[in-house]
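J.: Pasting the sequence and the predicted model now:
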Amino acid sequence: MGLLQNGRLMNVDDHHAVPPTPPALLVACLCARWCDLCGSYRQTFDAAAARHPQHGFVWIDIEDEADRVHAIDVENFPTLLLTDSDRLLFLGVLTPHAHTLERLLREAADGALPAPTHDVDDAELPGLLAAVRELARRPSPG
């Protein structure tokens, strides 16, 4: 898992605190360490993070953080969750191409995303978004 800080995607292991100013958007990539596609998509995700310092980018391993993101049934990779301060803007699988992620970010910034469709129970959604925000802020243990 990691968060963009000062133009660099941070992993929890990097021992850096998240800046106090909340990002315009929080972009969470839900992947798995064993997934080869996720491994290759990481470069695309990191590059987007560097191009969009106004947004927060967090890489979440769904197996390491299963207790936090259990409300999401990730069936394919990469799965992205996009949120502003309190609303889910997007949750779904993306084709692993830079232009697809760039278009999603542009549409979100312009308020042009359609209402999200997802399988997350409405009662679990606030807790899920809070968990993703917390994972993005959490410093590395030990």
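T.: Noted; the coordinates are in hand. Residues are numbered from 1 along each chain as shown.
J.: mind checking the SS state of Ala50?
T.: In three-state terms, and counting by DSSP: H, G, I helix; E, B strand; the rest coil, Ala50 is helix.
J.: What is the burial count for it?
T.: 13 (other Cβ atoms under 10 Å). C-beta here means a position set from N, CA and C on the backbone, and glycine is covered the same way.
J.: Could I get the full set of strands for this structure?
T.: Along the chain, the segments classed as strands by DSSP state E run 2-5, 8-11, 26-31, 56-61, 79-83, 88-93.
J.: export the ones you listed to CSV and tack on distance to Leu37, mean pLDDT and mean neighbour count?
T.: CSV is the format used below for these (distance: least, Cβ to Cβ, whole Å; pLDDT from 0 to 100; neighbours: other Cβ atoms under 10 Å):
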stretch, distance to Leu37, mean pLDDT, mean neighbour count
strand 2-5, 18, 47, 24
strand 8-11, 18, 48, 18
strand 26-31, 8, 94, 26
strand 56-61, 14, 93, 25
strand 79-83, 11, 93, 22
strand 88-93, 11, 91, 18
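J.: mind putting those in TSV, distance to Arg106 included?
T.: Listed next are the strands of the chain as TSV, based on distance: least, Cβ to Cβ, whole Å:
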stretch	distance to Arg106
strand 2-5	17
strand 8-11	20
strand 26-31	12
strand 56-61	15
strand 79-83	12
strand 88-93	12
